[in-house]
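Student: Prediction below, plus the sequence it came from.
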Amino acid sequence: MNYGMVKRMYDISDKFLYEILDDYKETIIDKEKDDIIKEFMKLIWSSKNKRSTYKKDIRFSVSKSLLSTEIGQIFNTYSDVSYITYRSMTKDTDFVSLIRQKINNIYTNLCDGNVCLKKEYMDLIKQPKQMYYRWKSGEEYDVTTLTSQIDNIIADSINVKEKYAKQKMNISWNAYKKLIAPYFKRMFENFVPLEDFEDKSHLTIDINTWNEDNFAIAYLCKGLDGYMRNYQKEYYGVKRNKPIKRCLCCGDIMYDKDKTKPHKYCDKCKKEIKNIKNKSYYSN
């Protein structure tokens with residue numbers, strides 16, 4: 001420990017993560033424990049591994065020989081479709097960068113409505129490019145029908161993105177930082193060193209391939225993920241022992257009134273779907 005007769009801040013420099021956790025465990029004075037947490041969080045927030053989102057494009061080029069055709073011009077209009085993605089990995093292997101990456105990823109996946117990489121959405125925005133290459137290979141399209149199809153695809157992609165954006169918590173980055181700081185304190189309190197597991201049969205990792213820092217990094221990352229999943233349930237008013245169920249249509253949270261029957265849609269969407277089916281039935 002780096003506390004002497006004269007009180008000074010905890011010196012966290014050049015320490016392995018497991019050493020910081022061990023120091024915290026050995027400390028019995030609350031103020032000194034708080035100093036360790038404070039210095040640890042300073043390291044995390046000062047990391048160069050900042051959260052990063054950026055625009056990516058799905059592009060294709062219409063052949064010059066086809067560009068003058070009506071169909072070619074339609075495809076050219078949709079030859080560059082953009083979406084927002086994020087940096088989900090880091091090449092750095094130090095514990096600060098790895099833990100910060102986990103923090104960044106959790107926020108993006110649970111709170112950033114601008115980022116949508118769901119398969120349902122990605123499949124839609126890739127369709128104009130796929131349709132172009134099918135047309136180039138000989139598949140025929142009618143100008144009016146093609147325009148309508150692509151317009152519908154774009155509209156559907158917007159609706160799908162909005163559906164998934166609604167499934168993310170409305171929490172600012174600064175509010176998120178304040179939210180997770182106490183979680184790290186709890187994890188520091190509950191940490192059990194790798195050596196204490198070595199003789200226990202329930203250990204699920206190979207201690208011969210993991211060192212103390214691997215174990216400590218995985219512990220904090222997994223723990224933070226668990227805390228945020230629990231918070232997500234609190235945010236939506238869902239009991240911890242219950243799964244979060246969403247309407248397949250609008251994405252809103254569903255609370256089952258009748259537990260004997262599984263529900264796919266919320267009451268509002270169920271009513272709208274029923275109305276659409278009725279209109280279709282009577283129009284035929």
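Tutor: Cool, got the structure. Numbers count the residues shown, from 1 in each chain.
Student: Just the mean pLDDT for the helix or strand harbouring K33, thanks.
Tutor: Under the criterion of DSSP states H and E, K33 resides in helix 30-45. For helix 30-45, mean pLDDT rounds to 96.
Student: in it, what's buried?
Tutor: Of all the residues in helix 30-45, those buried under the rule 16 or more other C-beta atoms under 10 Å are E32, K33, D35, I36, I37, E39, F40, L43, I44. Quick note: C-beta positions are derived from backbone N, CA and C, even for glycine.
Student: Keeping just the C-alphas, turn it into CSV.
Tutor: These are the backbone C-alpha positions of helix 30-45, laid out as CSV (Å, rounded to 0.1, in the frame of the first residue of the first chain):
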residue,chain,number,x,y,z
ASP,A,30,-13.2,4.0,4.3
LYS,A,31,-11.5,7.3,3.2
GLU,A,32,-8.5,5.3,1.8
LYS,A,33,-10.9,3.0,0.0
ASP,A,34,-12.6,6.0,-1.5
ASP,A,35,-9.3,7.4,-2.6
ILE,A,36,-8.4,4.1,-4.4
ILE,A,37,-11.8,4.1,-6.2
LYS,A,38,-11.4,7.8,-7.1
GLU,A,39,-8.0,7.3,-8.6
PHE,A,40,-9.2,4.2,-10.5
MET,A,41,-12.1,6.1,-12.0
LYS,A,42,-9.7,9.0,-13.0
LEU,A,43,-7.7,6.5,-14.9
ILE,A,44,-10.7,5.1,-16.7
TRP,A,45,-12.2,8.5,-17.7
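Student: Quick check: which element contains the closest residue to L98 other than its chain neighbours?
Tutor: With sequence-adjacent residues excluded and distances taken as C-beta to C-beta, 6 or more residues apart in numbering, L98 is closest to I217, at 5.4 Å. If you go by DSSP H and E, I217 is part of helix 212-236.
Student: just the angle between that helix and helix 30-45, please?
Tutor: Angle, helix 212-236 to helix 30-45, by axes from the mean of the first three to the mean of the last three C-alpha atoms, to 10 degrees: 90 degrees.
Student: Just checking the distance from helix 212-236 to the centre of its chain.
Tutor: Distance of helix 212-236 from its chain centroid, counting by C-alpha atoms, centre = their mean, to the nearest Å, is 13 Å.
Student: ok, the residue nearest to L98 - how many residues close by?
Tutor: By the measure other C-beta atoms under 10 Å, the count of residues near I217 is 20.
Student: try K102
Tutor: 18.
Student: ok, now the one 4 residues further on?
Tutor: Number of residues near I106 (other C-beta under 10 Å) recorded here: 19.
Student: what's near enough to touch it?
Tutor: L224, D225, M228 (C-beta atoms under 8 Å, 6 or more residues apart in numbering).
Student: So which of these wins on neighbours?
Tutor: Counting neighbours by other C-beta under 10 Å, M228 leads those with 21 neighbours.
Student: Might one say that that one is in contact with I180?
Tutor: Yes: judged on C-beta atoms under 8 Å, M228 makes contact with I180 at a distance of 7.3 Å.
Student: quick one: the strands in the stretch 1-150 of the chain?
Tutor: Under the criterion DSSP state E, counting those that start in this stretch, strands of the stretch 1-150 of the chain are mapped to 53-59, 80-86.
Student: which one of those strands is the most hemmed in?
Tutor: Across the strands of the stretch 1-150 of the chain, averaging neighbours per residue (mean count of other C-beta atoms under 10 Å) puts strand 80-86 on top, at a mean of 16.
Student: Pull the residues that contact that strand.
Tutor: Outside strand 80-86, the residues that reach it (C-beta under 8 Å, 6+ apart) are 51-59, 104-105, 108, 112, 114-117, 121-122, 125, 128-129.
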